[in-house]
Structures are given as C-alpha cells and as structure tokens.
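Q: any chance you can model this:
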Amino acid sequence: MALTVQNFIKLANLYNQMTMVMSAICVQKGGIAIENYAGRYFLADVLEYVYEYGRRLMESGRASVPADVADVIRRFGEQYNRVKDLTTPTQKPIYEMTLEEFERIMNI
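A: Residues are numbered from 1 along each chain as shown. Predicted coordinates:
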C-alpha cells in the first residue's frame, strides 16, 4: 500500500468504525466496561498500525499532509501511547515486516 493521505484517511475511518462497533458490543453484552472487553487488544493493534502509517506518511515527505490530517495523526499518537501496553508483542512490529516474514509468521 503506497503511503498516501487518502489511504491514511481510509485507515483512520476503519479505526473509528471499529471503535464504534466495539462500544456497541460492550453495550449489547450488558454494559461491560471497555477495559474488560477482550477486543480491546485487537483494537490497540489496529491503532498501532494506523498511527505508524500516519507517522511514516508525515516523515516520508512525498505527500503533502494537510494540517487537519496531521492533527489526527498526532491525536492517534496520543491514544496509542495510552494503550501501547495492550498491543501484541512481537520481535518485529508487523508494519516493519516484509511480506515473506509476515507469511512465515502467519503460516501462509
């Protein structure tokens, strides 16, 4: 996936939709606290990916990042710093893996 502002916006929308779905699931299951929902680990992994994509987009300099998108990336970074202890530990973050490394880990 090429580093573009449009792709980042799509990923940010995916994360926001997943957050809403997670909240709805917690309500449907009797109003459990989000801190007690098992899906919070997956959502933390998604946030890590989206934030890292945005961070690399800003660092690449290839695309002009509008101020409002840069603000979203900054806010995702703040959110990520609060939940980074929930992300799945790996020896190498998934966003730094080559396709071959990813396929080997996933047994594809």
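
Q: make it CA atoms for all contacts and neighbour counts henceforth
A: Noted.

Q: all helices for the chain, in order.
A: Per DSSP state H, the chain carries helices over the ranges 5-28, 40-60, 67-83, 99-105.

Q: so what touches the shortest one?
A: The contact list for helix 99-105 (Cα atoms under 8 Å, 6 or more residues apart in numbering) reads residue 94.

Q: distance check, the residue nearest in space to the middle of the chain against residue 18.
A: In the chain, the centroid-proximal residue (Cα atoms, centre = their mean) is residue 47; its distance is 2.2 Å. Using Cα to Cα, to the nearest Å, residue 47 is found at 10 Å from residue 18.

Q: now swap in residue 81 and tell me
A: Residue 81 is 19 Å from residue 18, by Cα to Cα.

Q: now do the same contact list for the residue in the chain sticking out farthest from the centre.
A: In the chain, residue 30 marks the outermost C-alpha relative to the chain mean, sitting 26.6 Å out by Cα atoms, centre = their mean. Contacts for residue 30 (Cα under 8 Å, 6+ apart) come out as none.

Q: over to it: give its phi and psi.
A: phi 100, psi 20 (degrees, to the nearest 10).

Q: what's the pLDDT at residue 59?
A: If you check residue 59, the pLDDT there is 89.

Q: deepest in the core, which of the helices of the chain is it.
A: With neighbours taken as mean count of other Cα atoms under 10 Å, the helices of the chain reach their highest mean count in helix 40-60, at a mean of 19.

Q: looks like residue 80 contacts residue 45 (just checking).
A: No. At 9.2 Å, residue 80 does not count as touching residue 45 under the criterion of Cα atoms under 8 Å.

Q: could you dump the helices of the chain to JSON lines with distance to residue 34?
A: Shown next, in JSON lines, are the helices of the chain (distance: least, Cα to Cα, whole Å):
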{"stretch": "helix 5-28", "distance to residue 34": "7"}
{"stretch": "helix 40-60", "distance to residue 34": "7"}
{"stretch": "helix 67-83", "distance to residue 34": "12"}
{"stretch": "helix 99-105", "distance to residue 34": "29"}
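
Q: now residue 41: closest residue in space, sequence neighbours ignored.
A: Among residues not flanking residue 41 along the chain, residue 86 sits closest, at 5.4 Å (Cα to Cα, 6 or more residues apart in numbering).
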